[in-house]
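Novice: Quick one, fold the following:
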Amino acid sequence: MKFKEVSEMSSDELQTKKRDLRQESLHLRLQQQSGQLEQPSRLRLLRRQVAQIETVLSQRAPKIGTK
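Specialist: Next up is the predicted model:
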């Protein structure tokens, strides 16, 4: 998913997507611990997508204490 696609999504969609990605990441980490993970690169991709979503959400959050 490209950053432009992420920035065009609504905040509710981003929260849902973030929750789904974290859930998938948990399952992949469990597979990694049991030695059944087939695509280790998928974990890195998920971490980056979550970081992109968190970046967009933090940019959209109202700035408290700024003038």
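Novice: Contacts for the helix or strand harbouring V56 next, please.
Specialist: Element membership of V56 [criterion: DSSP states H and E] is helix 41-60. Outside helix 41-60, the residues that touch it by Cβ atoms under 8 Å, 6 or more residues apart in numbering are 1, 3, 6-7, 9, 11, 14-15, 17-18, 21-22, 24-25, 28-29, 32, 37. No exception for glycine: its C-beta is placed from N, CA and C like everyone else's.
Novice: and if you look at stretch 13-28?
Specialist: With Cβ under 8 Å, 6+ apart as the test, stretch 13-28 has contacts from 6, 9, 37, 42-43, 46-47, 49-50, 53-54, 56-57.
Novice: can you list those residues in a markdown table and add pLDDT, neighbour count and distance to I64?
Specialist: Listed next are the contacts of stretch 13-28 as a markdown table, based on pLDDT from 0 to 100; neighbours: other Cβ atoms under 10 Å; distance: Cβ to Cβ, whole Å:
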| residue | pLDDT | neighbour count | distance to I64 |
| --- | --- | --- | --- |
| V6 | 90 | 17 | 24 |
| M9 | 92 | 15 | 24 |
| L37 | 91 | 15 | 41 |
| R42 | 95 | 15 | 36 |
| L43 | 95 | 16 | 34 |
| L46 | 96 | 19 | 30 |
| R47 | 96 | 13 | 27 |
| Q49 | 96 | 18 | 27 |
| V50 | 96 | 17 | 23 |
| I53 | 96 | 23 | 21 |
| E54 | 95 | 12 | 17 |
| V56 | 94 | 18 | 18 |
| L57 | 93 | 14 | 15 |
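Novice: check contacts around F3.
Specialist: Residues counted as contacts of F3 (Cβ under 8 Å, 6+ apart) are Q52.
Novice: What is the neighbour count of Q15?
Specialist: The number of residues packed near Q15 is 13, by other Cβ atoms under 10 Å.
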